[in-house]
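Colleague: Kindly generate the corresponding structure for this input.
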Amino acid sequence: MTTTPASHTPSTPNSTPWTIAVLGPGGVGGLVAGLLARDGHRVICLAREETAAVLAERGVTVRSGTFGDFTARVEADTELREPVDALIVAPKETGLRSALERVPREALGAGLAVPLLNGFEHVDVLRGRYPAEQVVPGTIRVESTRVGPGVIEHGGLNARIELASSTAPHARVEAFAEVLRGAGQQVDVLADETAMLWGKLSFLLPMALLSTRYGVPVGEVRTVHRDRMLAVIGEFAEVAAAQGAPLDVPAPRVVHGIALRARPHTPDGLELILKRRRGYPSARPAFEDERLSAIRGPGQSPGTGSRGPTEPDAPPTARTP
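Modeller: Predicted coordinates for the structure are as follows:
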């Protein structure tokens, strides 16, 4: 087993280790589980029987230019059987409800439930299952992939996490943020839960929609399909404002931010297309739910907003990366 890299000094010897369950130890959950376990916390990964067996035997292996290459021991089970200090919720959103069956309400105890998922609907699902004062929505910006059970490859972006809750006590949120920081992650505690969730999607959703629709990398969306991109971003801003989270920058500055953050040849959309061809489920974009209908005028069809059509006239031709 690889020892802890010299660049990381565990923070827990000077503090009390937490017991943290991770539901969905994939690209995101597995990375966070590995970092927390390396820092000395007790981590329980919740997964299917086959995956749980591998994790219990081999632990979580992380390969990362940022965090180093290491293997950390974790516990693993198919169901949470004891109270924990925190539960990180990180399955694919399409399988969220079934995954939550692994965490009975009484088993969670007084622990925090912290989803690191995209979108909004999962927050209501969690608050319907667990006490609202224990639910702390979060977002994470990271490039991380599960290449095998318990094996995580972390790309060039650090794991930046944001936490915000309209129902949980601020002191408890900040305490958990400190645990994550101690494990080497960048964490911000924000005041506005809704703005935090929309802030993540302000970059992710428009680019994911268009790169997947056209079958091209993000860089090509910004150039060849720029008009479509502006239309989607404008529509997105209207949806955000209707939900009480107006974007704090106009569309041109949003586009400029995308140009700065997105690498020209990143095949984001192509990855989504390939996953669909291989049978992976994909979450339905938020633009197609009832949130968008709130700002559509009479007679407007899906994919048409006040700033112009957001669908191409012909089906895209998918390219191979």
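
Colleague: Against residue 152, how distant is the residue nearest to residue 154 when sequence neighbours are not counted?
Modeller: Across the structure, with CB to CB, 6 or more residues apart in numbering as the measure, the residue nearest residue 154 apart from its sequence neighbours is residue 64 (3.6 Å). (Glycine included, C-beta is placed from N, CA and C.) In this structure, residue 64 and residue 152 are 8 Å apart, going by CB to CB, to the nearest Å.

Colleague: more neighbours, those two?
Modeller: Neighbours of residue 64 and residue 152, each counted by other CB atoms under 10 Å, are more numerous for residue 152; the result is 26 against 22.

Colleague: ok, residue 91 - contacts?
Modeller: Contact criterion CB atoms under 8 Å, 6 or more residues apart in numbering gives 23-24, 26, 29, 99 as the residues in contact with residue 91.

Colleague: Same question for residue 42.
Modeller: Each residue near residue 42 by CB under 8 Å, 6+ apart is listed here: 17-20, 75.

Colleague: try it again with 6 Å
Modeller: Taking CB atoms under 6 Å, 6 or more residues apart in numbering as the contact definition, residue 42 lies against 17, 19.

Colleague: Equivalent analysis for the one 5 residues further on, please.
Modeller: With contacts defined as CB under 6 Å, 6+ apart, the neighbours of residue 47 are residue 25.

Colleague: Tell me how far it lies from residue 233.
Modeller: For residue 47, the distance to residue 233 under the criterion CB to CB works out to 37 Å.

Colleague: isn't the residue nearest to residue 154 right next to residue 153, touching?
Modeller: No. Counting by CB atoms under 6 Å, no contact exists between residue 64 and residue 153, whose distance comes to 7.6 Å.

Colleague: Strands of the stretch 51-200 of the chain, residue ranges please.
Modeller: Residue ranges of the strands in the stretch 51-200 of the chain, as given by DSSP state E, counting those that start in this stretch, are 60-64, 70-72, 75-77, 86-89, 112-115, 138-141, 144-148, 151-154, 160-163, 186-189.

Colleague: deepest of these, which one?
Modeller: For these, average neighbour numbers computed from mean count of other CB atoms under 10 Å are highest in strand 86-89, which has a mean of 26.

Colleague: just checking, what packs against that strand?
Modeller: strand 19-23, strand 112-115 (3 or more CB pairs under 6 Å, 6 or more residues apart in numbering; DSSP states H and E).

Colleague: Name the strands paired with the first one and say parallel or antiparallel.
Modeller: Which is strand 19-23. For strand 19-23, the paired strands and their directions (DSSP bridges) read strand 42-46 (parallel), strand 86-89 (parallel).

Colleague: Contacts for stretch 182-201, please.
Modeller: Under the contact criterion CB under 6 Å, 6+ apart, stretch 182-201 has outside partners 8, 11, 35-36, 39, 120, 137, 139, 158-166, 173-174, 177, 180-181, 240, 244-245.

Colleague: list the buried ones in that stretch?
Modeller: Using 16 or more other CB atoms under 10 Å as the test for burial, stretch 182-201 gives 182-185, 187, 189-190, 193-201.

Colleague: Show me how far it is from its chain's centre.
Modeller: Stretch 182-201 has its average C-alpha position 11 Å from the chain's average C-alpha position, going by CA atoms, centre = their mean, to the nearest Å.

Colleague: now do stretch 16-26
Modeller: Chain-centre distance of stretch 16-26: 16 Å, with CA atoms, centre = their mean.

Colleague: Enumerate residues external to it that contact any of its residues.
Modeller: Among residues not part of stretch 16-26, those counted as contacts by CB under 6 Å, 6+ apart are 29, 33, 36, 40-47, 80, 84-91, 99, 146, 179.

Colleague: Quick one: end-to-end length of it, please.
Modeller: With CA to CA, to the nearest Å applied, stretch 16-26 spans 26 Å between its terminal residues.

Colleague: Thanks a lot, catch you later.
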